[in-house]
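Colleague: Sharing a sequence plus its predicted fold:
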Amino acid sequence: MATRQIQFREALREAMAEEMRRDDRVFLMGEEVAYYNGAYKVSQGMLEEFGDKRIIDAPISENGFAGLAVGAAMYGLRPIIEFMSWSFSLVAADQLLNNVPKMLYMSGGQWGCPVVFRGNNGAGGQLGSTHSWCVEALYANVPGLKIAIPSNAHDAKGLLKSAIRDDDPVFFLESERMLSDKGEVPEGEYTVPFGRAELRTEGTDCTVVSFGRPVNFCVEAARELEKEGVTVDVLDMRTVRPLDIGAVVRSIKKTGRVVVVDQCWPFASVASEVITQVCERAFDSLDHQPLRVNTDDVPTPYAKTLEAEYLPHKGKIVQAVKAALHRL
Amino acid sequence: MHQTSPAPVQPAPGPAAGENRYHITSSRVGMPGAAEPNGHAAGNGHHAGPRPSDALASPVLVKWLRDMIMIREFENRCAQAYQQAKIGGFCHLYIGQEALAVGTIASVEHDDPIITAYRDHGHALARGMTPRACMAEMFGKATGCAKGKGGSMHMFDRPNWLFGGHGIVGAQTPVGAGLAFAAKYELEVLGRSLAGGAAKKKVALCYLGDGALNQGALHEAMNLAGLWSIPVIYVVENNRYSMGTAIERGTTMAHDLTAKARAYGIEGVQIDGMDVRTIYDRFKPLADRCREQQRPAFVDLLTYRYQGHSMSDPQKYRAKDEVELFRQRDSIALLEQHLLHERRALSEADVDAIVHECKALAQDSVEFAEQSPAPDAQELYSDVYVNIQPDLSPTRAYVHGAKNPLL
């Protein structure tokens, strides 16, 4: 299929617009999504095409409009709710943690809650502690949700289309720092299925597992390691619930070593979960204990230098892989 | 729902032995405009001219009476089963408030969506859920409305357009706005009903207790409803207490709650919630207007619960005399007297027959619940996802469970 280079944000926009043309039950609601054309210009032009009954500016009431989406979804619509930042989802925690994932179960299968919540996740760039939340560790703990975390424009579009079509609630985690990143995206229709990891680089010495923005740090690390003769599998999980643990195990059976890179804090993180599952399923294949690279276990700092050090950056990943290979 | 540490369970007062009914001192009957006990504003049921409910055929009002008696007899059985530890968890009874669910639900169409909080048995029964499905749910049985996975606070009934039963105070209020938003979206965007057929004008009822008035969720929801003219009616079941806190102790403008609605550009009215005819007389025209004009409303319905907040409430925060005062304007007795003496639509024997039938149905629901099977073990892992995929859980694969008994 022919491809072209488009930005991550354009890929998101295409996914939403295509699905809205395909299904009139789909609408987009969030702060500044309509007349402002999106706080981060993801929804630029969508008001013009779909009108203000389907591209809806919400006041700053995350709990209110997240709850409204629950009711609309139960009734039979397919809401897409944009959080300007997932940091702001915390004021909607009751709806997101109690109602969205549990409605199907509590109603004995009578009503599900097919909503897509999407927005920026993780450190944006000197936004300080309150605006730099990584929420995957918090939300992945709750059964009933699916969580997608794309690392590039191609997956952003394909995963978002799958998310909108899914009958279950999907939390879709983007990154302000990737919205302008360009990538090869097919001209025509495609989706990316949930629960299928993708190899970004191929190697034999170590398995590096990641999801979302840090996948790109892993690829940078892989290039640097290659100069020293070390080759690694970088596995982009793309969704963390479902989690393609089979792909991780297959890679570890080849490499014998694993480093998990995660932009949440380390304690009870998705990295912790991946490593637990690795130990449960591939313990005998390991030649070194599993290692993880998370953000440092402190609130997100403001200072540029401190924030850069806080993230799971290339330098930390290279060090971890070398540690796994006893090359330090 | 918030809860204190376990306290002794109060005995549930049922009708006195040998006395089938809910008699009140007859001198108070038919005085809905009289000053009401304990500061409740006088109801607005005193109509000089004919009341809209007067135009209804007697069988309609007899059905209301039956529905209210059914709820009370059902709740009496719940109290008993709870004391016998056959019902677990929290259990909040509707005794005293029956007219409210029956009168408001009678004012809307069957396919108008409704949603409520955790004191939800009355709404479920008034909407048409069978006592069996409701009781079996509380017994945690496979035949319950949620296959035993929801419990007392989470009554869901898709065929009867009841969207729950919600346990967190106020959490249902934005969801209620969403139901009405979707109904309006059918009308304005889809041009069709998602349930099939043409779109039509609907109105959603979202019930809440007076305690929910102080939750942020309600205020966000009312702002959205006012802002976007969403056809949802916030029905405040003002029973004067949020658990043990009297309304004046926790809520500003307790003497005029409609002020809160006016702040969001929403029409607010106060209605005597103990007289089902008054509820219908005032609520039905309001619901009709909200449906026609596709806009929200807020209703402060003055009611009273005779029982504690939940089954573990010793009720030390209110005087027994206060409860007794309200019992003297019992909603069932009010309607019964109207049908017996004003309409002459029923005889004493007819009423006895209705009470007898409802008692039998309540007893039958307990027997049905007791005899029903526990949920199949695999139901633990069903209804977590609709679209089950591999690797969603590290422990065990999810499954598709039994079809819900209501579907």
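Modeller: Looks like it arrived, so ask away.

Colleague: need the contact list for the nearest residue to A:Gln277 once chain neighbours are set aside.
Modeller: What sits nearest to A:Gln277 in space, not counting adjacent residues and going by CB to CB, 6 or more residues apart in numbering or on different chains, is A:Ile245, at 4.9 Å. In short, each C-beta sits where N, CA and C put it, glycine included. By CB atoms under 8 Å, 6 or more residues apart in numbering or on different chains, the contact set of A:Ile245 is A:274, A:277-278, A:281, B:391, B:394.

Colleague: go on, A:Met74?
Modeller: A:Met74 neighbours (CB under 8 Å, 6+ apart): A:103, A:111-113, B:163, B:175, B:178-179.

Colleague: switch the cut-off to 7 Å
Modeller: A:103, A:111, A:113, B:163 (CB atoms under 7 Å, 6 or more residues apart in numbering or on different chains).

Colleague: hmm, which two among the residues you listed are most spread apart?
Modeller: A:Cys113 and B:Phe163 (11.1 Å; CB to CB).

Colleague: which residues of the chain fall in strands?
Modeller: This is for chain A. Secondary structure of chain A (DSSP state E): strands at A:3-7, A:26-30, A:55-57, A:78-85, A:116-120, A:146-148, A:170-174, A:182-186, A:198-201, A:206-210, A:232-236, A:239-241, A:258-261, A:291-293.

Colleague: sorry, should have said chain B
Modeller: B:114-116, B:162-165, B:204-209, B:232-238, B:241-242, B:245-246, B:267-272, B:297-302.

Colleague: by contact count, what packs against the fourth one?
Modeller: Going back to what we said before, that points to strand B:232-238. helix B:172-185, strand B:204-209, strand B:297-302 (3 or more CB pairs under 7 Å, 6 or more residues apart in numbering or on different chains; DSSP states H and E).

Colleague: For the ones you listed, give me CSV that also has mean pLDDT.
Modeller: CSV is the format used below for those (pLDDT from 0 to 100):
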stretch, mean pLDDT
helix B:172-185, 98
strand B:204-209, 98
strand B:297-302, 97
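
Colleague: Show me the one of these that comes nearest chain A.
Modeller: helix B:172-185 (2.2 Å; CB to the nearest CB).

Colleague: for the stretch 201-350 of chain B, which spans come out with low pLDDT?
Modeller: Within the stretch 201-350 of chain B, no stretch falls below the threshold (pLDDT under 70).

Colleague: Pull up the residues of it that are close to chain A.
Modeller: The stretch 201-350 of chain B comes close to chain A at residues B:216-217, B:220-221, B:223-224, B:227, as judged by CB under 7 Å from any CB of the partner chain.

Colleague: isn't B:Leu93 right next to B:Ala79, touching?
Modeller: Yes: counting by CB atoms under 7 Å, B:Leu93 touches B:Ala79, with 6.2 Å between them.

Colleague: Near A:Glu187, how many residues? Count them for me, please.
Modeller: 9 (other CB atoms under 10 Å in any protein chain shown).

Colleague: residue contacts, it?
Modeller: Neighbours of A:Glu187 in contact, by CB under 7 Å, 6+ apart: A:1-4.

Colleague: which one of those sits closest to chain B?
Modeller: Looking across the contacts of A:Glu187 and measuring by CB to the nearest CB, the closest to chain B is A:Met1, at 25.0 Å.

Colleague: Just give me the neighbour total for that closest one.
Modeller: So A:Met1, with other CB under 10 Å, has 8 neighbours.

Colleague: circling back to that earlier point, so can I have JSON lines of the residues of the stretch 201-350 of chain B next to chain A showing neighbour count?
Modeller: Formatted as JSON lines, these follow (neighbours: other CB atoms under 10 Å in any protein chain shown):
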{"residue": "B:Gly216", "neighbour count": "14"}
{"residue": "B:Ala217", "neighbour count": "26"}
{"residue": "B:Glu220", "neighbour count": "27"}
{"residue": "B:Ala221", "neighbour count": "34"}
{"residue": "B:Asn223", "neighbour count": "18"}
{"residue": "B:Leu224", "neighbour count": "25"}
{"residue": "B:Leu227", "neighbour count": "15"}
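
Colleague: A:Val142: neighbour count?
Modeller: 16.

Colleague: okay but A:Ser129 is in contact with A:Leu306, surely?
Modeller: No: using CB under 7 Å, A:Ser129 makes no contact with A:Leu306, being 11.4 Å away.

Colleague: what residues does the stretch 101-250 of chain A put near chain B?
Modeller: So the stretch 101-250 of chain A meets chain B at A:104-112, A:143-144, A:166-168, A:194-195, A:241-245 (CB under 7 Å from any CB).

Colleague: just the buried members of the residues you listed?
Modeller: A:104-112, A:143-144, A:166, A:168, A:194-195, A:241-245 (16 or more other CB atoms under 10 Å in any protein chain shown).

Colleague: of B:Leu93 and B:Ala79, who's got more company?
Modeller: Legend: neighbour count by other CB under 10 Å for B:Leu93 and B:Ala79, higher for B:Leu93 (26 against 21).

Colleague: give the contact list for A:Lys182.
Modeller: Applying CB under 7 Å, 6+ apart, the residues near A:Lys182 are A:5-7, A:153.

Colleague: just B:Met155 next, same as before
Modeller: B:120-121, B:124, B:129, B:134, B:137, B:145, B:162, B:164-165.

Colleague: Helices - which of these land there?
Modeller: Among the contacts of B:Met155, the members falling in helices (DSSP state H) are B:121, B:124, B:134, B:137.

Colleague: which non-adjacent residue is nearest B:Ala81?
Modeller: B:Ile87 (4.9 Å).

Colleague: That neighbour against B:Phe139, yeah?
Modeller: Yes: under the criterion of CB under 7 Å, B:Ile87 is in contact with B:Phe139, at a separation of 6.5 Å.

Colleague: Check what pLDDT residue 61 gets.
Modeller: All of this refers to chain A. pLDDT, A:Ser61: 98.

Colleague: look at chain B instead
Modeller: 98.

Colleague: Contacts only, for the nearest residue to it once chain neighbours are set aside.
Modeller: For B:Leu61, ignoring the flanking residues on the chain, the nearest one in space by CB to CB, 6+ apart is B:Leu339 at 6.1 Å. Neighbour list for B:Leu339: B:61-62, B:65, B:345-346 [criterion: CB under 7 Å, 6+ apart].

Colleague: any chance of the strands of chain A in TSV, with mean pLDDT too?
Modeller: Below are the strands of chain A laid out as TSV (pLDDT from 0 to 100):
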stretch	mean pLDDT
strand A:3-7	97
strand A:26-30	98
strand A:55-57	98
strand A:78-85	98
strand A:116-120	98
strand A:146-148	98
strand A:170-174	98
strand A:182-186	98
strand A:198-201	98
strand A:206-210	98
strand A:232-236	98
strand A:239-241	98
strand A:258-261	98
strand A:291-293	98
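
Colleague: Please, where are all the helices along the stretch 251-400 of chain B?
Modeller: Using DSSP state H, counting those that start in this stretch, the helices of the stretch 251-400 of chain B run over B:258-262, B:276-293, B:320-327, B:331-337, B:348-371.

Colleague: Looking at these, which is nearest to A:Asp287?
Modeller: Closest among the helices of the stretch 251-400 of chain B, using CB to CB: helix B:348-371, at 58.0 Å.

Colleague: Going by neighbour count, list what's buried in that closest one.
Modeller: For helix B:348-371, using 16+ other CB under 10 Å, the buried residues are B:351, B:354-355, B:358-359, B:361-362, B:365-366, B:368-369.
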